[in-house]
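In: Take this sequence and fold it.
(one chain, ligands or ions: 2)
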Amino acid sequence: MNSRSYLQIRRIIGVFTTRSFTTMSTRPFALERQFAVSAVRRACALTSSVFNKLVKNETLTKGDKSPVTVGDYAAQGLISIMLKNSFPADPIVGEEDAGELRADEGKVLRERIIDLANEALVAPRVEGDKAEWGIGPGQTKTTDELLDAIDRGNYDGGRTGRMWTIDPIDGTKGFLRGEQYAVCLSLLVDAQVQLGIIGCPNLPLDLSNPDGERGCIFVAVRGQGCQQIPLSGASETTLSMPTFTPSSLTFLESVEAMHSSHSTSDIISSIIGITRPPIRMDSQAKYGCLARGDGGLYLRMPTNAGYREKIWDHAPGCLLVEEAGGIVTDSRGLPLDFGVGRTLGENYGVVAAGKEVHAVVLDAVQQATGVKAKA
Ligand SMILES: Nc1ncnc2c1ncn2[C@@H]1O[C@H](COP(=O)(O)O)[C@@H](OP(=O)(O)O)[C@H]1O
Ligand SMILES: [Mg+2]
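Out: Ligands and ions are numbered 1, 2, ... in the order given. Presented below is the predicted three-dimensional model:
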C-alpha cells in the first residue's frame, strides 16, 4: 500500500470512530457531557489566564476584586455563548448578569472581559470540540453579543423542563488567594441534576502530594458514575467513595467561617469522635474531593439564618458525590431541592458523606444544631 492510500484509510477510520462516539452513542446525555467537558476545559484555561495576567502579575490593592469580576463575567459569557450555539432552547441560571457592565462606568472592565472571552472562544479546537458550538479560529463575538450571552443567565429556575446552572468562578476568595476555585456547570431536567461538572485548575490530583500534578475536571451523568479527567489530557478514571468508619473520617469544610460555621462542625466532629483536623478548601472542589475519597465527609453548617444557598453552588457537586456512591442531604436528612428557583429555599445546611456513615453523621448534626429529622 502506498503512503497516500494508507493516509486515506487512516482518515476514514478516524472520521468513523469520532462519529461513532459522538452521534451514534446511545448513552443518555452523551452529547451534553462532551459539550460540558469542552466548555469547562475552555473556561478553566480562561480563568487560569485571568489569574496569571491580573492577579499574579499585578499589585492589587487590598480588597480589589476586579480580577475575579473580570474572570466571572468572561467565563460565564464564554459558556453561555457555547450553550446558545449548542442547546439554544435551554435556559440558564447563571450567577452573573451584565447590568453593571452596560453602564458607562463599566467600560474598562467590559473591554477586558470582551478581550478575554474572545481569546478563549477563538483558541484552536482540540479533540472532542465541535465548530458548531461557536469555538475555534474566527469565532469572535461583538460586545453586544457577549453582554446578551451573560444576561442569558437570568432564568428564574423552577420545577419543570431543562435548564443549566453556571457558576463561572466558584470560590472567588480561593481564586484571589491562588488556592482552590472551580468552574461549575450542571444540567437539570425537571429539577433533577442529570449532569454535573466542575473544573478545578489548582487542585492536586492527589491531596497527599500537594507538589504533584494539579488540575482536573470532575464529571458525572446520572446513572453513569463519576469520573476525574486530568487537565493535562491524561485519561479519565472512574471514582468511587471508599468505606469509612465514623471515627476514621476527616471532614471537608469551607475556608470561610462566614460560609460554614467552623464551631458547629467542631461540635459535630467531637460527637462523632473525629480526631483529625478538617480539610479546609474553597469551592465545590470539596464535592469532587469527597467523590474521589478524600476525607469522607463534607459539612456546610449555616452561619446566617437569612442566607439562601444558590443552586449553582451545589447542583454539580451533589451529583458527583451521589454518582461516586455517597449521599447528600440537608441537616433534616432531606435531599437538596433544586426545583424551588435560583436558591435552595429554606437553608438547612449540607451533609454529604458515604452511605455507611451518613446516618451517624446526620444524627450528630441534629444533636449539635437542634434541627429536627424529617417527619
Ligand atoms: N453567608 C453565606 N453562607 C453560605 N454560603 C455563602 C455565604 N455567602 C456566600 N456564600 C457562597 O459560598 C460560595 C463559596 O463557597 P465555599 O465557602 O464553599 O468556597 C460562594 O460562591 P462564589 O465564590 O461563587 O461567590 C457564595 O455563593
Ligand atoms: Mg459559588
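In: where does the spatially closest residue to residue 280 that is not a sequence neighbour land in three-state SS?
Out: Of all residues not flanking residue 280 in the chain, residue 255 sits nearest, at 4.7 Å (C-beta to C-beta, 6 or more residues apart in numbering). Yep, even glycine has a C-beta here, placed from its N, CA and C like the rest. When classified by DSSP: H, G, I helix; E, B strand; the rest coil, residue 255 comes out as coil.
In: Look at residue 255 and report its pLDDT.
Out: At residue 255, the pLDDT value in this model is 98.
In: Just to be sure, residue 48 is in a strand?
Out: No. Residue state for residue 48 (three-state DSSP) corresponds to helix; a strand is not indicated.
In: How many residues are close by it?
Out: Residue 48 has 16 neighbours, counted by other C-beta atoms under 10 Å.
In: Isn't it up against residue 214?
Out: No. Using C-beta atoms under 8 Å as the test, residue 48 is too far from residue 214 to be in contact (10.4 Å).
In: Give me the common contacts of those two.
Out: When C-beta atoms under 8 Å, 6 or more residues apart in numbering defines a contact, the residues bordering residue 48 and residue 214 alike are residue 201.
In: count of neighbours near residue 91?
Out: By other C-beta under 10 Å, 18 other residues sit near residue 91.
In: Might one say that it is in contact with residue 163?
Out: Yes. If you go by C-beta under 8 Å, residue 91 and residue 163 touch, sitting 4.9 Å apart.
In: Between the two, which contacts overlap?
Out: The contact sets of residue 91 and residue 163 overlap at residue 155 (C-beta under 8 Å, 6+ apart).
In: Indicate the residue of the stretch 1-150 of the chain located nearest to ligand 1.
Out: Closest contact between the stretch 1-150 of the chain and ligand 1, by C-beta to the nearest ligand atom, is at residue 95 (6.0 Å).
In: In contact with that residue, which residues are there?
Out: Taking C-beta under 8 Å, 6+ apart, we find residue 95 in contact with 72, 76, 153, 166, 167, 168, 310, 312.
In: One more pass at 10 Å, please.
Out: When the contact criterion is C-beta atoms under 10 Å, 6 or more residues apart in numbering, the partners of residue 95 are 72-73, 76, 153, 165-170, 172, 184, 310, 312-313, 342.
In: Just the buried residues of those residues.
Out: Neighbour-count burial (16 or more other C-beta atoms under 10 Å) is assigned, among the contacts of residue 95, to 72-73, 76, 153, 165-170, 172, 184, 310, 312-313, 342.
In: So which of those residues reach ligand 1?
Out: Among those, the ones lying near ligand 1 by C-beta under 6 Å from any ligand atom are 167, 170, 172, 310, 313.
In: Of those, which one scores lowest on pLDDT?
Out: Ranked by pLDDT, those bottom out at residue 172 (93).
In: Next, count neighbours for the residue nearest to residue 280.
Out: Number of residues near residue 255 (other C-beta under 10 Å) recorded here: 17.
In: What distance do you get for it to residue 180?
Out: Distance from residue 255 to residue 180, counting by C-beta to C-beta, to the nearest Å: 8 Å.
In: Find residues that contact each of these two.
Out: Applying C-beta under 10 Å, 6+ apart, one finds that residue 255 and residue 180 are jointly contacted by 171, 173, 174, 280, 281, 282, 283.
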